[in-house]
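Student: Provided below for reference: sequence and predicted model.
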Amino acid sequence: ILLDKDGKRKHTRPTFSGQQIFALEKTFEQTKYLAGPERARLAYSLGMTESQVKVWFQNRRTKWRKKHAAEMATAKKKQDSETERLKGASENEEEDDDYNKPLDPNSDDEKITQLLKKHKPGGGGMLLHPPEGEASV
């Protein structure tokens, strides 16, 4: 028994064996909450007090919730970024509707030139017919 500087009993933290922790973790995988009789049986079989088992389960649930919340946040971020990526791709597709449509052979050269400028790097479009008065190259 440890005493503090005033001579009072000092609370010590229990240390559990590997076998005890293993059995507690296995039980926790099966059920997150233990009823009184289950807790009493587990405590007796592991040589622990019911209070120790109860507190261990409370602490383990807290740890589990934090981990679960972090995993959910990560999954949500991943889903949000994927949604944004897909949204951006669909916006680009909408902009490219005119570009992706087959050209109307009767459309004017100006419309074709604008489409080419819009989608060609550098914005320089190739004219199908040279402007009047200029020879083709």
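Tutor: Okay, I see it.

Student: Who are the packing partners of whichever strand or helix holds K87?
Tutor: Assigned by DSSP states H and E, K87 belongs to helix 50-95. Judged by 3 or more CB pairs under 8 Å, 6 or more residues apart in numbering; DSSP states H and E, the packing partners of helix 50-95 are helix 18-30, helix 36-46. Quick note: C-beta positions are derived from backbone N, CA and C, even for glycine.

Student: Name the residues of the shortest one that come out as buried.
Tutor: Buried positions in helix 36-46, judged by neighbour count with 16 or more other CB atoms under 10 Å: R39, L42, A43, L46.

Student: any idea of the mean pLDDT in it?
Tutor: Over the span of helix 36-46, the pLDDT mean works out to 94.

Student: So which of the helices and strands packed on helix 50-95 is nearest R85?
Tutor: Proximity to R85 (CB to CB) singles out helix 18-30 among the helices and strands packed on helix 50-95, at 36.0 Å.

Student: Run through this structure and note the low-pLDDT ranges.
Tutor: 1, 89-107, 119-137 (pLDDT under 70).

Student: gap between the helix holding K87 and the chain center?
Tutor: The chain centroid and the centroid of helix 50-95 are separated by 5 Å under CA atoms, centre = their mean, to the nearest Å.

Student: next one: stretch 9-17
Tutor: Centroid separation for stretch 9-17 versus its chain: 38 Å, with CA atoms, centre = their mean.

Student: now stretch 14-34
Tutor: Centre-to-centre, stretch 14-34 and its host chain are 29 Å apart (CA atoms, centre = their mean).

Student: could the helices and strands packed on helix 50-95 be laid out in a markdown table, adding distance to K77?
Tutor: Putting these into a markdown table (distance: least, CB to CB, whole Å) gives the following:
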| stretch | distance to K77 |
| --- | --- |
| helix 18-30 | 27 |
| helix 36-46 | 38 |
